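Colleague: Test case, fold it:
(chains A and B)
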Amino acid sequence: MKLRLSMRVNGNAVELEIEPHRTLLEVLRNDLGLAGVREGCSTGDCGACTVLVNGKPLVSCLMLAPDAEGASIVTIEGLAKDGKLDPMQEAFVAKGAIQCGFCTPGMILAAKTEDIPEGNLCRCTGYTKIQEAIREERRTTRPQA
Amino acid sequence: MKSVGQRVPKLDAADKATGKSRYVQDLRLPGMLEAKILRSQVPHGRIVSIDVTEAWKVPGVRAVLTAKDIPAKVWGYSKDQVALKGDRVRRIGDELAAVAAPDIEAATEACERIKVVIEPLPAVYGMEAALAPGAPLLHAARGSNLVQTHLYEHGRIEEAFSKAAKIVEGTFVLPAQQHGCLGPAGAIAEWDANGRLTMHDPTQIPFLVQRDLAEALDISPADLRIVQPCIGGAFGARLDLYPHEAIVALLAKKTGTPVRILFSRDEDFQTDPVRPRTIVRLRTAAAADGTLLGRDADILVDCGAYVSWGAMTPVVMVNTFGNFYHCPAARYRARTVCTNTQPTGAFRGFGNPELLFPMETQMDELARALKMDPIDFRLKNANRAEETTPAGGHITSCGFKEVLEAVRTRLKRPAAPAAPHLKRGIGVAAVFHVGGGARIYRSDGCGATVKVDDFGKVVVVVGATDIGQGMETAMAQIAAEELGVDVSMVRVATQADTDIRLWDVGVHASRTTFIAGNAVRLAAKEARKQIEDARAALKLPADAPLDKVVRAEHFRQKGRLITASVFYDPPTSMVDKANHGNVSAAYTWGCHGAEVEVDTETGQVVVKRIVAAHDIGRAINPMHAEGQVEGGVIQGLGYAMFEECVLKDGRMQNGYFLDYRMPGIRDIPEIETVLVETNDPEGPFGAKGIGEPPIVPIGPAIANAIADATGVRMREFPMTPERVWRALRGNR
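Modeller: Below you'll find the model as predicted:
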């Protein structure tokens, strides 16, 4: 039996029929073609599939898709606006915080709200440049803080 | 210089930051099926039967393969590997059968319905047990579980030890380490109507896979091309041909439609070609004035069930053993051994972290015993520029003194801790590594073409592979510098296949910036000469823009293309039978300093601060060079402090990121990186390799700091709280 699911994804209203055991990760990647949601482990340990659910970073592999009913989801594809990178994306690019890039979308989304994205693993960078990028983004977007 | 030495952001960074990069997980071809491999759950046994009847009853199943359905080809470094096992399994995870179906659920269900009968055989897991008389044999044809013995010697070893003022000795135990690439393994195979195979394969060795996979499939290498999608981490994990690559190609051939195989995380853990478990028995001798006299090593390296690159780590270890420091006498024996565990492979540093933990621990022990400063002791025995070592290594540029002094200046003794059960200390350790390629194959070459089009765009086609380290950007900077154009005008054709790209041995041994960089630089230089010639022949002014010059050539009869191809193979040799030779066109040095705080009640070690100084020749891109150092340091920190494959009866017990503890962002101390530029005479713009050296000395630097803080020597990685706690209590 399939369930009807309505949610907003990257600002667009989405309606689709899904099997109730599908994870949000599977629906975003496979049904909606949002390949920037990376599957690194499917057990909630690596953070590569992090998306923003109503503004909060969550690992989409541990969330059943039906639980996203009515939610507003932002994936990495929804961050750049009018061809212009989000300040966090810009900071990651400018500070050399990206190597293989597999963890990058989840890391950037988590860093939008977390100063220390401790739920996200990176095997390449040693995190040093990621920390620099987050500090840079905070400095440029919240100069008074 | 306008491009070289600049902190140019990675050319592919914006795509990666926006999720547009396409990894193997993101590719979909029309009609593509998904594959699943049925794996052995028995560590060692005789295959009695495999019944696939029920698998075919799962709706949608398009192919079910076992050993009897595929070419009977053995392949691999020691010709002991097959794609699907027909008579014997030698480890948990061995490939028994494979299914292709429209989705992974159907493929998985079909695999679960296959009935396998395996008669268990006695298994052996430890290397010493595997070498003992009467041990179960993994490969009967070899007659023993011993794969190979590597020997090396220079000087008079017995004499050196007999006249020593101080001798230190110890046995060091190093665990298997998982690569932990965030992007799991996978590949896609498709055959065209003419019987030609295309592999979408995130391999580190596209041109070697072309040959090896063709051999495994019993086809001509000319009928196979490799396209690399974006690679989600590698670190040595993709340096060989693996069974899944052959299996997915066979399934695609059988079904006549593209087939993809993607590993789940637990499958990735169970099949990753881990850094080999290694046991090093080492003793080192010095004179009373701090002169090194001799070192003597006996080493065991675990190959796992089949021989892959793990078996070659002694070749890199011996390079360091024979070349590092002025040491007049050295004797080395390393034996590689098969056990019923997952095959071991290449991992960043390739033997050097395993050897230098013992060597640099004993350098520290000797310095203390002789009441010398550990940096002064190293300086007294340091390699220098323009010398040839007893092992035959020819040293050109050498920044060893500079990296040692850089750490001395920056590593300060910490203030006393707040409580008596907390102890603080500092330690240093050094690294020697190849920095100008490594001739482990007969070729250490790479080809590059530089093309300038009539829009002034420069296209670099190069055999080298980007695994996140920034090859693409470094090559663009080198070409831009040589041609006098802005980096933004350069494209590197990373998505081209092996039909178009030019030969390269692969991305390993910290060789890409040096080897591919030289090929690109020489090709760009030749292209620049063509442009200058064209300007002169066409009587164009000296400041005529590139696009105008090229267009003038394209729009005249008997015009010419601005395109130059160069093959660069460094002036080096393979080692001889006695393991002597100059395998690299340049060598590199580094030194790490670590400050630690040890809780003597819990055994917890906190690494507070790290100084990492490396002789890089010249930083083509300092930002990305720092990234290599920081990333290597933290992988090395994981190896030294947290990471270990826990095996029980041949089965990995901690094959998830929750239990296999890789460093997280909370584990990161302050890292101060120092890049020492020695301007190597052979390197492109003076550059040397930097990919591997930073993973090497961090472990022994921390161990030496623990000894400084507590007086206790750690000789086993990872240095977990339990091991430190036990060591502090005399290993009770």
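
Colleague: ok but residue B:473 is inside a helix, no?
Modeller: Yes. Inclusion of residue B:473 in a helix is indicated when DSSP: H, G, I helix; E, B strand; the rest coil is applied.

Colleague: what's the distance between the residue nearest to residue A:112 when sequence neighbours are not counted and residue B:685?
Modeller: Excluding the flanking residues, the one nearest residue A:112 by Cβ to Cβ, 6 or more residues apart in numbering or on different chains is residue A:88, at 5.8 Å. C-beta coordinates here come from the backbone N, C-alpha and C atoms, glycine included. Applying Cβ to Cβ, to the nearest Å, one obtains 33 Å for the distance of residue A:88 from residue B:685.

Colleague: Helix, strand or coil: sort out the residue nearest to residue A:112 for me.
Modeller: Residue A:88 is classified as helix under three-state DSSP.

Colleague: OK, now which residue of chain A is nearest to chain B?
Modeller: Of the residues in chain A, the one nearest chain B is residue A:36, at a distance of 1.8 Å by Cβ to the nearest Cβ.

Colleague: Which residue, other than its chain neighbours, is closest to that residue?
Modeller: On the basis of Cβ to Cβ, 6+ apart, the spatially nearest residue to residue A:36 that is not a chain neighbour turns out to be residue B:19, at 1.8 Å.

Colleague: a strand runs through the one you found, doesn't it?
Modeller: No. Inclusion of residue B:19 in a strand is not indicated when three-state DSSP is applied; the result is coil.

Colleague: Surely it touches residue A:29?
Modeller: No. The criterion here is Cβ atoms under 8 Å, and residue B:19 misses it with residue A:29 at 10.6 Å.

Colleague: which residues are in contact with both of the two?
Modeller: Here residue B:19 and residue A:29 have A:35, A:37 as joint contacts, going by Cβ atoms under 8 Å, 6 or more residues apart in numbering or on different chains.

Colleague: Neighbour count: these two, which is higher?
Modeller: Legend: neighbour count by other Cβ atoms under 10 Å in any protein chain shown for residue B:19 and residue A:29, higher for residue B:19 (26 against 22).

Colleague: so who does that one touch?
Modeller: Applying Cβ under 8 Å, 6+ apart as the definition, the contact partners of residue B:19 turn out to be A:34-38, A:75-77, A:105.

Colleague: Next, give phi and psi for it.
Modeller: Phi and psi for residue B:19, reported as degrees, to the nearest 10, are phi 80, psi 10.

Colleague: Point out where chain B drops to low pLDDT.
Modeller: Where chain B drops to pLDDT under 70, the residues are B:732.

Colleague: ditto for chain A
Modeller: Answering for chain A: the residues below the bar, that is pLDDT under 70, span A:143-145.

Colleague: Just the helices from it, written as ranges.
Modeller: A:24-26, A:87-94, A:104-111, A:128-141 (DSSP state H).

Colleague: Could you single out the most deeply buried of these?
Modeller: Per-stretch averages of neighbours, counted by mean count of other Cβ atoms under 10 Å in any protein chain shown, single out helix A:104-111 among these, with a mean of 30.

Colleague: what's next to that helix, contact-wise?
Modeller: With Cβ under 8 Å, 6+ apart as the criterion, helix A:104-111 contacts A:36-38, A:40, A:46-52, A:57, A:59, A:74-76, A:79, A:86, A:88-89, A:92, A:97-98, A:117, A:119-120, A:122, A:130, A:133-134, A:137, B:16-19.

Colleague: how does it look with 7 Å?
Modeller: Contacts of helix A:104-111 from elsewhere in the structure, counted by Cβ atoms under 7 Å, 6 or more residues apart in numbering or on different chains, are A:36-38, A:47-52, A:57, A:76, A:88-89, A:92, A:98, A:117, A:119-120, A:122, A:130, A:134, B:16-17, B:19.

Colleague: Filter these down to the ones in strands?
Modeller: In strands, judged by DSSP state E, the following of the contacts of helix A:104-111 are found: A:50-52, A:57.

Colleague: can those go into TSV with extra columns for distance to chain B and neighbour count?
Modeller: Shown next, in TSV, are the ones in strands among the contacts of helix A:104-111 (distance: Cβ to the nearest Cβ, whole Å; neighbours: other Cβ atoms under 10 Å in any protein chain shown):
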residue	distance to chain B	neighbour count
A:50	12	30
A:51	11	30
A:52	13	22
A:57	14	23
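
Colleague: Name the nearest residue to residue 13, sequence neighbours excluded.
Modeller: Assuming you mean chain A. residue A:6 (7.2 Å).

Colleague: Chain B, not that one
Modeller: Beyond its immediate neighbours in the sequence, the residue positioned closest to residue B:13 (Cβ to Cβ, 6+ apart) is residue A:93, lying 4.2 Å away.

Colleague: Enumerate every residue touching that neighbour.
Modeller: Taking Cβ under 7 Å, 6+ apart as the contact definition, residue A:93 lies against B:9, B:13-14, B:17.

Colleague: and what of residue B:641?
Modeller: Here residue B:641 is in contact with B:605, B:718-719 (criterion: Cβ under 7 Å, 6+ apart).
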